[in-house]
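> Sharing a sequence plus its predicted fold:
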Amino acid sequence: MKDTIKKSIKIVFGDRTVATLLIVNVVVAIVISIFLGSSIKHSEAQVITRYTTYGDANFYRSHWSSLFSYFALAFVIVFGHSALSVKLISLEKRSLAIFILWLTLGILAILAILAYSIIKIASIG
């Protein structure tokens with residue numbers, strides 16, 4: 001197990017493109033967390049945390065601290081996709097691993113846009 005992890009790390013950091021994308025994904029997740037964290041406003045009242053148009057349009061309210069779950073989501077996405085990419089690299093599927101890492105950046109951008117919109121709605125309500 002220990003040798004497998006060392007071998008995977010050696011392979012990944014031997015490839016500059018993959019190593020750069022892994023580092024960029026982590027940095028983008030940290031930047032998104034700081035950006036979203038500075039957008040969240042403390043409120044004693046329950047705030048809007050979720051919206052659905054299924055059936056009637058509804059706003060669901062919850063405690064303001066549940067907005068921090070977007071940080072966790074960003075890091076789960078980055079960690080999961082990074083682990084998958086490392087596994088694909090070890091299976092010699094480099095092009096698919098690079099695609100997944102680029103896809104992760106796109107998913108993080110969409111997460112930031114949607115989470116920021118929900119946080120702004122929460123600050124109104």
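Sure, I can see it. This one's a predicted model, so the numbers in the text were calculated from it and none came from an experiment.
> Could you tell me whether Tyr54 really is in a strand?
No - using DSSP: H, G, I helix; E, B strand; the rest coil, the secondary structure at Tyr54 is coil, not a strand.
> From Ile113, how far out is it?
21 Å (Cβ to Cβ, to the nearest Å). Where you see a C-beta, it was placed from the backbone N, CA and C, and this is true even at glycine.
> So for the two, which sits in the more crowded spot?
More crowded of Tyr54 and Ile113, by other Cβ atoms under 10 Å: Ile113, with 10 against 6.
> In which helix or strand does that one reside?
For Ile113, the host element (DSSP states H and E) is helix 94-124.
> low pLDDT regions in this structure?
Residues of the chain that meet the criterion pLDDT under 70 lie in 45, 49, 51, 55-57, 125.
> Need the contact partners of stretch 72-82.
22, 25-26, 28-29, 32-33, 100-101, 103-104, 107-108, 111 (Cβ atoms under 8 Å, 6 or more residues apart in numbering).
> Counting neighbours, what do you get for Ile124?
By the criterion of other Cβ under 10 Å, Ile124 has 7 neighbours.
> Chain neighbours aside, what residue packs nearest to it?
In this structure, Ile124 finds its nearest non-sequential neighbour in Ile48, 7.6 Å apart by Cβ to Cβ, 6 or more residues apart in numbering.
> Now do the SS call for Val12.
Going by three-state DSSP: Val12 is helix.
> list the contacts for it?
Residues in contact with Val12, defined by Cβ under 8 Å, 6+ apart, are 18-19, 22, 86, 89.
> Which two of the contacts of stretch 72-82 have the greatest separation?
Ser33 and Ile100 (21.0 Å; Cβ to Cβ).
> Okay, Phe35 and Ile124: tell me how far apart.
For Phe35, the distance to Ile124 - Cβ to Cβ - is 19 Å.
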